[in-house]
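Asker: no sequence for this one, just the structure:
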């Protein structure tokens with residue numbers, strides 16, 4: 001599922017989809033094209049927002065919780081010439097780390113960010129949300145909250161970013177046609 005040889009810790013934007021185990025609708029329901037979050041959905045939202053606290057080289061962007069999956073955009077950032085590159089100051093996402101020298105720390109400067117791999121961030125997101133879910137649902141502890149893997153797409157440019165953002169924002173309105181909607185896939 002991953003692009004062979006690609007460094008998933010390098011700066012850039014990544015579109016993600018993470019589904020619940022067996023596509024169980026745990027996060028709430030769509031009512032009149034609006035997502036109404038359950039307690040589990042609210043907890044997932046909190047864990048997503050806290051990713052930026054746990055990973056200083058990460059910014060979260062567009063995000064939506066659906067009844068049985070989430071879509072989001074994560075930005076991996078890097079330091080270069082004293083500034084943090086992010087979606088705000090490099091919207092084209094072109095080779096952001098070309099001038100980063102990870103080994104030098106001359107003159108007592110703050111060392112460059114220790115970059116995490118995208119897979120580590122998603123693993124933490126899944127682990128932490130499962131832990132929190134089991135904490136609030138002690139009677140009905142869920143051992144397998146998320147499916148084993150996740151879908152990712154490397155965002156290539158500003159147009160790709162806009163397309164993925166539009167998709168995320170429109171997702172609740174498209175639930176009736178969504179392949180993840182159990183009504184559209186009764187065998188799943």
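Answerer: Noted; the coordinates are in hand. Source: prediction; values computed, not measured. Numbers count the residues shown, from 1 in each chain.
Asker: For the rest of this, base every contact and every neighbour count on C-alpha atoms.
Answerer: Fine.
Asker: what about residue 126, which SS state?
Answerer: For residue 126, the secondary-structure state derived from DSSP: H, G, I helix; E, B strand; the rest coil is helix.
Asker: That one: what's its closest spatial neighbour, skipping adjacent residues?
Answerer: With sequence-adjacent residues excluded and distances taken as CA to CA, 6 or more residues apart in numbering, residue 126 is closest to residue 146, at 6.7 Å.
Asker: go on, residue 144?
Answerer: Leaving out its chain neighbours, the residue that sits closest to residue 144 by CA to CA, 6+ apart is residue 21, at 6.2 Å.
Asker: That neighbour - how many residues pack around it?
Answerer: By other CA atoms under 10 Å, 18 other residues sit near residue 21.
Asker: Residue 68 too?
Answerer: One way to gauge burial is a neighbour count; for residue 68, by other CA under 10 Å, it gives 22.
Asker: Could you do residue 41 as well?
Answerer: Burial of residue 41, expressed as a neighbour count using other CA under 10 Å, amounts to 25.
Asker: On the three-state scheme, it is what?
Answerer: Secondary structure for residue 41, judged by three-state DSSP, is helix.
Asker: ok, it to residue 162 distance?
Answerer: Residue 41 sits at a distance of 25 Å from residue 162 (criterion: CA to CA, to the nearest Å).
Asker: go on, residue 169?
Answerer: In terms of CA to CA, residue 169 sits 10 Å off from residue 162.
Asker: Between these two, tell me which one has more neighbours.
Answerer: It is residue 169, of residue 169 and residue 162, that has more neighbours when counted by other CA under 10 Å, with 15 against 12.
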